[in-house]
Every structure is written in structure tokens, then in C-alpha cells.
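# When you get a sec, could you give me coordinates for this:
(chains A, B and C)
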Amino acid sequence: MPVIDNGAQVIIVKSKARSYAPGVQAENLLNALRSKEEMDRQNPRHPKPRTMIEKVQIVGKDDLTATDAALYELFIAWARDEDHKRARGRERAEKASASKAERKRDDLDFPRDASVVGGTGDGAVTDIYAIPYDAVRAYANLHGAVDTPEQLLSCLNRLSRTTVRYNVRDETFRNRGVVNLLNSGLKTNEATGKTVVEFSLPPYVHGLLSKPGSWGYLELRAFGRFRNKYTGRLYQRLALIAGYDNHVRKPLEIEPRKLAEEIGFKWTRYVDFKRNCLNPALEEIEKWVERFLVDFKEEKGAASGRGRPGVALLRFTMTPRGDRKIVELSAPSMTWSDANAAKAGDKVLTPDQLPSAGAVARALKHIRFPHALTGADLSEFWRAAVDEVLEGFTPSHAPAPGMVDVHGERLLASIEMDGADQAFFAWAEASALTGRFFRRTEDLSIPRDICHLMHPKSLEPTEGETPDQRRLRYAKDTAATIVWGLAGLLKRRMPGERTVLPEDVIDTYCDIDTLPWSLVSEHLPDKGAMLRRALTMMLKTRIERHPKTGRNRAVPAMGIERRRATLRNLVSATRKENWSAVHRIACAVVHAPGDNCPF
DNA sequence: TTCGTGTACCTTAATGCTCA
DNA sequence: TGAGCATTAAGGTACACGAA
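Presented below is the predicted three-dimensional model:
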């Protein structure tokens, strides 16, 4: 149902939040693990949830080595890969059964993450995974650190006894809880002599893998070669930011002590932190990470008394490594059908908006896609993506574009500035990571009665715009997106998946570090301190007993209607650039607690 | 044996305060 | 106003310990 917002009816989906879990980017993960050459060629990347990157803190003894951390990332990637295989199997089975009896769509409200892996139905997932021993050993031995079963067992033992705290709220997890990283061990079949590494993830951690949100794409190849225990911890934080859209990506600015605390470095002096942690970590990241480069700067603090002023702020600026120019890439031959599909005219797109057959062929050769695609597939997906922008409509069942995706006005601007070929290549590279735009034009069934209301002015390309103006426009666009999300117009993601309710995504809208709030903060008198407090309060939870199951669960401390109304007011003020109104609303939330709010 | 990690000690640099 | 002193933190070197 459209919602009235400042006199205009709008329907949008949240651009930041993804409503499904992306898969591991690897042609064949097992082959990549077994062979160093395959690892270098495939360079598998796995999406790690932002929560797992930012909110985890090791509790107690921290004797994990760089190899241990690499193995942990491997296990996370493996679990995700296995979950996806099972999910695809489930989808095929559902399709088969759907042909026999028409399903009642509203009855299919089962949790995706539990059904994928055969969980208990309450979000708890209890699967045990097994990876061939030789594959794990080969991966752990990428830099010659682990060779024997005893050495591998030592790694697994350290991982199994390490406990972490996730400082997040969730419907099933209390933020003061502590869980093991994982449980793991070696298992040998005495009859066949075959050995596997078995592991299981704690249910809460496993559940995070399939939750909607933002992701940091981590390169397993790089992880396997890190030798410094802190490199992987710093790398994940940088990779998370490096994956953001060019227009919203800001440098990571953080106090040295805070960063040290976050990555588990015992603070003594800055020079020790730099020497033993930052320098080796940055060297290794530069040497092994393919996706981005890091520029590191120190900022001295203001003199506050006697003595030499120390380093007050660290600034890490990430830039994509090697933005590839399509004309510099070799062009392979193409099948007759692929070439015809690429050259075919389009009812909506102009010839200037269609990539050449050569561009499609280059994308197929030089971009690593998660699944086998043909040129005809890519051409079709591109037309659907541009069509979506031109119509100004996002299908209700489509997942929201991620920060990595090239979409919206940026896509049109890229076509105009760089040409269809280069724009297509950049779009294909991003889509290979997210999979967001791999769908058909027939999915774009637009209800004409509301279509004219959904074409945000911000989608029109503008000239002479400064980066700040562009960022402001992007923030306002995201604010409009939130309005659509709050209106409950995210009906379904895919056939058979459960309904996405506004309350499912409200938490992602309360993220102060993302647009529009990151930009809004810059305009507020207190630099967004009050807004941060307000959004934090909206994320607070309290524990209550479930009326049916009797189990304790965490529920939002602030009522859903009040959270929704507050967010709507905030984004409405943001769209009008009424910063004082944003500040007043934030103050009202902080100082005037209402229903169920403990403050 | 090599290398990562942590610690200790000394020197150097930067800044503010005091006083002639 | 400038020299000298006090204070604080970085830079550099060396060494011990333990994991790989």
C-alpha cells in the first residue's frame, strides 16, 4: 500500500539492506582449497555479515594465530556454501511440488535460515559440516605454517576453546551472552582411512549468516597467507568499508586505542601498536589483498598541555584496486546465439544504452560469476536492470540493491559518462558479487496505477554537481527509500520465502554509520551525538517471555509503531533538509520516553 | 630454526612552563 | 623574549618466549 509522505505517494525499498544472504564467490571452493594455483586463480570471496565483523569481541584468553583466523574464515565460507547448496535443492523440490498443487502463498511463512539447514524451526541451526582433511590442510599450509594433523588439531583446539561476545540485539540473543567461536575436530573413518575436519557453528552465529543486512567480502586467498594475527582482524573492517558504494564510502577514522581494543591488541603505547600490529598488517594487506588498496594516515592531536602531542586519529582510505577499462581487455569469441541476444534491439532501451556484443563477451571472460552464465543471460539481466531505473520501480519481491551494486541514477550517469560498454562492465562486476540484478525483464511487472508516483527526481542525471551535492542527493534518496520500506511494500523476496515486514528491517534503518544518518550528522549542531543516542535507543531491547513457547526472548524496548513513526518523521525532515527538525526529533526521543521505553 | 609477539630501555622530538 | 627545564610520546634497538 502506498503511503502519503509530504503530499506524495512513494514506494521504495531500502537500498542498504539486503533481504537475502549472498553466496560464496568461487567457481569450486573445494578445488580452490586443495590447490594453491586454483586458490590464486579463483580467489574465493565470502560475504561476512557486518555484525560478525564489527560486533564480535574475544572474551578471555586470545591466543588465536593468523592461521587459526584463516581457518575460521574458511569454516564460515564453507558453511555458507553448503547452506546455499541445500537451499537450491529445496527450491528445486518446491518447484516440483508446486506443479502438482497450487500453494497458498500466505501459508509459506517459514523461516528461511532454519529450513535451509534443517534447523529446529525457531531459528536455531544445529548442522555439523565436514571438509576433507587434505583440503583444510592445504589451505592452512598456504604459507607453510601447518603440515601435520597434530598441528591442525592445535589450531582447531584453539578455535574451539575461544569464546566471543557479540554486542548486538536480536530476537533470540542477549547481548551479554558469550558463545564459542565454533566446535571442531578431526574424524577418521577407520574402515576407509578417510579423514575429515568436522565443525559446527553455535546456533546464534549460524543464524547471523543468513540474516539480511550488509556484508564485507573477504578474500580467502589473502586470509590463508596472513602471518600476523591482527592482519585478518583489521582487514575485515577495511573490506567492509571498501565494499561500499563510491559515493558513500568514507575513510575509516578511528582513535588508535579504540582500534586496538576492537582488534584485540593489548595497548601499551601507540608506537608499539604501530610497530607490532598496524605496520605488519598493512604490509600484508597490500601484498595479498586483490580487491582494494589502503592509504594510511596518522593525525596528531591538538596540544593539551605539556609534552609531545600523540597520534589522535588514524585514517584508512580504501580505493578499489585496478578499475579495469574494458577496452584494455582481450575479447574472446562468442556463440552465435549470445551475439544475437546482445545485438537484439530493445523496446525500452535505446541503442546507446545497450552494450556491444564484445563488451558482453569480455565480461563473460574476465569477470568471475558465481554461476555459469551465457551472454544471452547477461544481456537480459542488463536490460532488466536499466529498465528498472527508467521505470523508477523496484519489483516488490526483488531484494534491495546493496551498497556494492551499480544501480539507480548512478547507472544512468555511468552510461552517459563512460558509455554503455564501460557502464555494463562495472555493473556486471558489482552484480557478480551481489547477484542482485541477475533476473529477467518479465519480473518487472509494474502496477501502472502507482508507477507514476515512484519516479524519484533524484534518478535524473544532473550536470555540474559537486561530490557533496551528489552525496546529499544520495542521502535524500536513501531517506525516500526508507519511507517505502516502512510502508510495508516489501511483500515477498522469492516465491516460497516468508513475508518481509517493516519491523524486520527497521533495525537496519537505525544504523547511524550509514546514509542518510551519516550525512545528516554532519549538519547537526552536536555532530549527530543526539541522533546517535536516539537511534541507539530505538535498537534497545528488553527480555520477555514468549507467550506460546515460554522461552525468553529479546524484544524492542520501544514499541514498533513508535519506532516506525519516529523513523518516518526523521526521514521526512531529512528529505526537506530540515536539520533542526531532525535534531528536535532526536532530542524528543532521548528526553521523552514513551511506551515501553526504559529511558 | 625461523618468525611472530611482547616487553624493556634508551634516545629523540615536541610542547608548555618558569624565570632571568 | 629567549634559554632552560619538565613532561609526554614517538623512534629505535635488543632480548625473551613460544608457536610454526
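# Going by C-alpha atoms from here, please, whenever you check contacts or count neighbours.
OK.
# do you know how far A:Ala423 is from A:Leu531?
As defined by C-alpha to C-alpha, to the nearest Å, A:Ala423 lies at a distance of 37 Å from A:Leu531.
# what's the answer for A:Arg227, then?
40 Å.
# quick one, which of these two is more surrounded?
A:Leu531 (26 against 18; other C-alpha atoms under 10 Å).
# I'd say the more buried one and A:Arg584 touch.
No: contact between A:Leu531 and A:Arg584 fails when scored by C-alpha atoms under 8 Å: they sit 9.2 Å apart.
# so what's the backbone phi/psi at A:Leu65?
Leu isn't right for residue A:65; it's Thr. Recorded main-chain torsions at A:Thr65 are phi -100, psi 170, according to degrees, to the nearest 10.
# wait, what's in contact with it?
A:Thr65 makes contacts with A:227-229, as judged by C-alpha atoms under 8 Å, 6 or more residues apart in numbering.
# Any regions of the stretch 151-300 of chain A where pLDDT drops low?
Residues of the stretch 151-300 of chain A that meet the criterion pLDDT under 70 lie in A:167-177, A:212-213, A:244-249.
# Which parts of it are strands?
For the stretch 151-300 of chain A, strands defined by DSSP state E, counting those that start in this stretch occupy the ranges A:163-166, A:178-180, A:183-188, A:195-200, A:215-219, A:252-254, A:292-300.
# Compare those strands and give me the one nearest A:Phe369.
strand A:215-219 (14.3 Å; C-alpha to C-alpha).
# Run me through the strand neighbours of that closest one, direction for each.
strand A:45-49 (antiparallel) (DSSP bridges).
# Distance-wise, check A:Leu278 relative to A:Leu314.
Counting by C-alpha to C-alpha, the gap from A:Leu278 to A:Leu314 is 10 Å.
# Looking only at stretch A:285-293, what residues are buried by neighbour count?
Across stretch A:285-293, burial judged by 16 or more other C-alpha atoms under 10 Å covers A:285-286, A:289, A:291-293.
# How many neighbouring residues does A:Val164 have?
The number of residues near A:Val164, taken as other C-alpha under 10 Å, comes to 19.
# Ok, A:Leu156 next?
When neighbours are counted by other C-alpha under 10 Å, A:Leu156 comes out with 24.
# can you check the one 4 residues further on too?
A:Ser160 sits with 18 neighbouring residues when counted by other C-alpha under 10 Å.
# ok, it to A:Ser154 distance?
Relative to A:Ser154, and taking C-alpha to C-alpha, A:Ser160 is found at 10 Å.
# Now A:Phe316. Its backbone dihedrals?
phi -110, psi 120.
# What of A:Ser356?
Torsion angles, degrees, to the nearest 10, at A:Ser356: phi -70, psi 160.
# so who does it touch?
Contacts of A:Ser356 by C-alpha under 8 Å, 6+ apart are A:342-343, A:420-421.
# Format the CA atom coordinates belonging to stretch A:518-534 as CSV.
The C-alpha coordinates for stretch A:518-534 follow below in CSV (Å, rounded to 0.1, in the frame of the first residue of the first chain):
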residue,chain,number,x,y,z
SER,A,518,26.0,9.7,8.5
LEU,A,519,25.4,12.7,6.3
VAL,A,520,22.7,14.2,8.5
SER,A,521,25.1,14.0,11.5
GLU,A,522,27.5,16.4,9.7
HIS,A,523,24.8,19.1,9.6
LEU,A,524,23.7,18.8,13.2
PRO,A,525,25.0,21.2,15.9
ASP,A,526,26.3,18.3,18.0
LYS,A,527,27.7,16.4,15.1
GLY,A,528,24.9,13.9,15.4
ALA,A,529,25.5,12.9,19.1
MET,A,530,21.9,13.2,20.0
LEU,A,531,20.8,11.5,16.8
ARG,A,532,23.1,8.6,17.6
ARG,A,533,21.6,8.3,21.1
ALA,A,534,18.1,8.3,19.7
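# about what we covered before: the buried residues of stretch A:285-293 also near DNA strand C: which ones?
With C-alpha under 7 Å from any atom of the strand as the criterion, the buried residues of stretch A:285-293 include none near DNA strand C.
# For A:Phe381, the count of nearby residues, please.
A:Phe381, neighbours per other C-alpha under 10 Å, totals 20.
# typo on my end, A:Lys576
Neighbour number of A:Lys576 under other C-alpha under 10 Å is 11.
# One more: A:Ser337?
For A:Ser337, using other C-alpha under 10 Å, the count is 12.
# That one and A:Ser379 touch, don't they?
No: checked against C-alpha under 8 Å, the pair A:Ser337 and A:Ser379 is beyond contact range at 11.4 Å.
# Check which helices and strands the host helix or strand of A:Val389 sits against.
Per DSSP states H and E, A:Val389 falls inside helix A:375-391. Where contact means 3 or more C-alpha pairs under 8 Å, 6 or more residues apart in numbering; DSSP states H and E, helix A:375-391 is packed against helix A:336-343, helix A:357-366, helix A:408-418.
# ok, now with 6 Å
helix A:336-343 (3 or more C-alpha pairs under 6 Å, 6 or more residues apart in numbering; DSSP states H and E).
# Specify the angle between the helix it packs on and helix A:357-366 in degrees.
Per axes from the mean of the first three to the mean of the last three C-alpha atoms, to 10 degrees, the angle that helix A:336-343 makes with helix A:357-366 is 120 degrees.
# So what touches helix A:336-343?
A:357, A:375-376, A:379 (C-alpha atoms under 6 Å, 6 or more residues apart in numbering).
# and which of those residues is nearest DNA strand B?
A:Gly375 (44.3 Å; C-alpha to the nearest atom of the strand).
# For the residue lying closest to the closest one once chain neighbours are set aside, grab the count of nearby residues.
Sequence neighbours aside, A:Asp338 is the residue nearest to A:Gly375 in space, at 4.7 Å (criterion: C-alpha to C-alpha, 6 or more residues apart in numbering). By other C-alpha under 10 Å, the residues close to A:Asp338 number 19.
# just A:Ser572 next, same as before
21.
# Unless I misread the structure, it falls within a helix.
Yes: A:Ser572: assigned to a helix according to DSSP: H, G, I helix; E, B strand; the rest coil.
# Tell me how far it lies from A:His583.
The value you get for A:Ser572 to A:His583, if C-alpha to C-alpha is used, is 13 Å.
# Count the residues that sit near A:Ala428.
A:Ala428 has 26 nearby residues by other C-alpha under 10 Å.
# Let me see the backbone angles for it.
Dihedral angles for A:Ala428 - degrees, to the nearest 10 - are phi -70, psi -40.
# Can you report how many residues lie near the nearest residue to it once chain neighbours are set aside?
Computed as C-alpha to C-alpha, 6+ apart, the closest residue to A:Ala428 that is not its neighbour in sequence is A:Ala363, at 7.0 Å. Using other C-alpha under 10 Å, A:Ala363 has 25 other residues around it.
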